[in-house]
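> could you work out the structure for the sequence below:
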Amino acid sequence: MKYEILAPAGGMESLIAGVRSGANAVYLGGKLFNARRNAGNFDDDELKKAVEYCRQRGVKVYLTLNILISDNEFENAYNTVKDALTAGVDGFIIQDIGVAKMIKEHFPQAKLHASTQMSIMTPQGVKFAEDIGFSRVVLPREMSLEEIKDIRENTNLELELFVHGALCMCVSGQCYLSSVIGSRSGNRGLCAQPCRLPFSAKGDKNEYALSLKDLSLIEHLREMDGITSLKIEGRMKRPEYVSAAVTAIKKAVDGTIADSDTKNLQSVFSRSGFTDGYFTNALGSNMFGTRQKDDVLSAKNVLKEISHNYDNENPLIPINMHFVCKEEQPCRLTASALGRTVTINGEIPEKAINKPMTSESLSQRLAKLGGTQFYAEKIDVELDSGLIIPVSKINELRRNAVEKLSETSKKEIISKPLNIIKPADKNSVPYLTASFKNAQQIPDRHPFKYVFIPIDSSAEDFVDNRAGAVLPRGLFGIEPDIRKKLEKLKKIGVSRVLCSNIGAYRLAKDMNFEVFGDFGLNIYNSQSANMIDNPILSFELTLEQANKINAQNTGVIVYGKIPLMLTRNCPVKNSIGCTECARNGKLTDRKGYEFEVICSQYPCVEILNSVPIYMLDRMREVKTDFAHFYFSTETKKDIEKIIKMYESGEKPTFKYTRGLYQRGTL
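Modelled structure (predicted):
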């Protein structure tokens, strides 16, 4: 199978390095709305030049719009898409479902790729993406080969997979660590990577319990049947890194990779080597690593050598030529490449006095394409005998043909004027909902209209508490199991579910449950809020922004130790083991703050914030339709106290945070 090799481009030099090294496509960001806002990125003029450069070489360009976008940013997002389409961008990588809907409604020809930030990890998640107009899904880096195959067998959409580059500890799109502790949100493109700092499960200040090695699946590329695009992470990396990664992947696909290629790849950037642990389902402590002094020294030794890989134009595009030279007729060169054909007319040949032209000499002259992106694949010559044309004129014909083939044509853009949803003006007293880690936490008397407990709770717990079910956020490989559990719950009268993953959301909707969208759906604007039933809005919004979201039955979390990470690789298990942890795991950061680690029978664990969000003394400021309490490690007695504090509106006597409801994200 022929794969697309997709290279990162943080700037023009990296783009050129990727293209000249053999990438079939590049992905890059504009100055706004992309998940690597600290990369060089491309302004409007630079984007036009980048697209023109790539189109001349048969390389596709995908623009990243892979962050959450607020209501007041939609006009800028609309203009960004329109300008990018005009420049000739081939597709858009999108996280925000509201942005995806806006693009499909206003620019029907635009191709959408579902970012890995959408956390699509099941067949139902892929179907959700297909329903709203995506043509490609970028799969999570945490998936095993078997789980990837399951999705491939259940969809016709293109699938894109990261095969080399940095691994986040958290499932993409589900990390709030950087935003909550420092206002720099990964979902808004400014992750500060606090996970690379010391975190310990055993009190060791030199332990990096959240720092994974970089991913490399170079050795597994022959197992990628059904994958359309092989993606390299690294828009913040050097051009040499891009070149080394593209070169290694291209050679691995062709079966010509050498030890020197893999050595260069590790030397140019690694964190104590690479890992394929998720793909091979071999999780554990060997997946973890940090950037060491030896890694830095290795890079220093190879960077200059690798930079020569892209010093000059690499002839990657085949060109076919047909040259006709007849007596008393203008000669004619027809050339075909990049799906286009051009014909250049020359002068009338003369009778040769000494040495006439031959088909061989003409072919050799026409094949001199050095310094261009083309190489001669086939040259046909029709030549009458005894004729001559000056060499300079043949060169001119060839140059003119190459220039014409390199010209880029403008695309006609079909667009509709932007329709903006106006801010809401709500002034209601919100009703209350709550989710619990287990049914034993639920007080005998409480003010909650709806309560939710984990899907694996007993039938008696659901019936006795008239509870809805909380579906897990991490659904890797367990969608059939979740379906079976939902079928059983439906039979005992459970009608309501709380979903934090779009795959779970679509599954529950298909099964006719009343669905509440949880925080993991990252509902950040009115457009996306209108696509999800009963959404709990992103806690990365300010409270003022949340109150103005114009959609039916929206809610916000007003109490709870919110999960900052959803990870498939338990940092406590890897450090001290499950026996010593005894389900009471904690991580301590370099400042001494403790973060509880919550495990379950499902594929992921959650790392909670060190203190809860507390807004119960400021409920008059909450104007959404409902307010949600997120209970995790609290006891029943703790929860009864929290309810009393809500009813009296008193300030907390314990450490707490207002989260991002006041300060927002950068």
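
> show me where the stretch 201-350 of the chain has helices.
Counting by DSSP state H, counting those that start in this stretch, the stretch 201-350 of the chain has these helices, from start to end: 239-254, 259-268, 293-307.

> mean neighbour count and distance to residue 125 added to these, as TSV?
C-beta coordinates here come from the backbone N, C-alpha and C atoms, glycine included. Written out in TSV, the entries for the helices of the stretch 201-350 of the chain read as follows (neighbours: other CB atoms under 10 Å; distance: least, CB to CB, whole Å):
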stretch	mean neighbour count	distance to residue 125
helix 239-254	24	26
helix 259-268	18	31
helix 293-307	14	35
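
> in CSV: the ones you listed, plus distance to residue 511 and mean pLDDT.
Formatted as CSV, the entries for these read as follows, by distance: least, CB to CB, whole Å; pLDDT from 0 to 100:
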stretch, distance to residue 511, mean pLDDT
helix 239-254, 41, 94
helix 259-268, 46, 87
helix 293-307, 49, 78
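
> span of stretch 440-453 from start to end?
With CA to CA, to the nearest Å applied, stretch 440-453 spans 10 Å between its terminal residues.

> which one of the helices of the stretch 201-350 of the chain lies closest to residue 660?
helix 239-254 (33.1 Å; CB to CB).

> which elements pack onto that closest one?
strand 4-9, helix 12-20, strand 158-165, strand 229-232, helix 259-268, helix 293-307 (3 or more CB pairs under 8 Å, 6 or more residues apart in numbering; DSSP states H and E).

> may I see the helices of the stretch 201-350 of the chain organised as CSV, with distance to residue 658 added?
As requested, the helices of the stretch 201-350 of the chain are arranged in CSV below (distance: least, CB to CB, whole Å):
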stretch, distance to residue 658
helix 239-254, 40
helix 259-268, 43
helix 293-307, 40
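
> now for residue 108, how many residues are close by?
The local packing count at residue 108 equals 11, with neighbours defined by other CB atoms under 10 Å.

> going forward, count from 55.
From this message on, residue numbering opens at 55, which makes the last subject residue 162.

> wait, a strand at it?
No: residue state for residue 162 (DSSP: H, G, I helix; E, B strand; the rest coil) corresponds to coil; a strand is not indicated.

> nearest residue to it in space, please, no chain neighbours.
Nearest residue to residue 162 in three dimensions, chain neighbours excluded: residue 468, at 6.0 Å (CB to CB, 6 or more residues apart in numbering).

> would you confirm that the one you found contacts residue 161?
Yes: A contact is recorded between residue 468 and residue 161 when judged using CB atoms under 8 Å, the distance being 6.9 Å.

> which one's more surrounded, those two?
In this comparison of residue 468 against residue 161, neighbours counted by other CB under 10 Å, the higher total goes to residue 161 at 20 against 11.

> can you report phi and psi for the more buried one?
Here the main-chain torsion angles of residue 161 (degrees, to the nearest 10) amount to phi -140, psi 80.

> count of residues packed around the closest residue to it other than its chain neighbours?
Once flanking residues are discounted, residue 161 sits nearest to residue 469: 5.4 Å by CB to CB, 6+ apart. Other residues within reach of residue 469, judged by other CB under 10 Å, total 15.

> ok, residue 469 - contacts?
136, 139, 160, 161 (CB atoms under 8 Å, 6 or more residues apart in numbering).

> show me which pair in those is furthest apart.
Going by CB to CB, the pair spanning the contacts of residue 469 furthest: 139 and 160, at 10.4 Å.

> what about the two, which has more around it?
Set side by side, residue 139 and residue 160 give different neighbour counts by other CB under 10 Å, the larger being at residue 139 (21 against 17).

> would you agree that one is in contact with residue 164?
Yes: with contacts counted by CB under 8 Å, residue 139 reaches residue 164, the gap being 6.3 Å.

> next one: the strand or helix carrying residue 660 to chain centre, how far?
Of the helices and strands defined by DSSP states H and E, residue 660 is found in strand 659-662. For strand 659-662, the distance between its averaged C-alpha position and the chain's averaged C-alpha position is 21 Å (CA atoms, centre = their mean, to the nearest Å).
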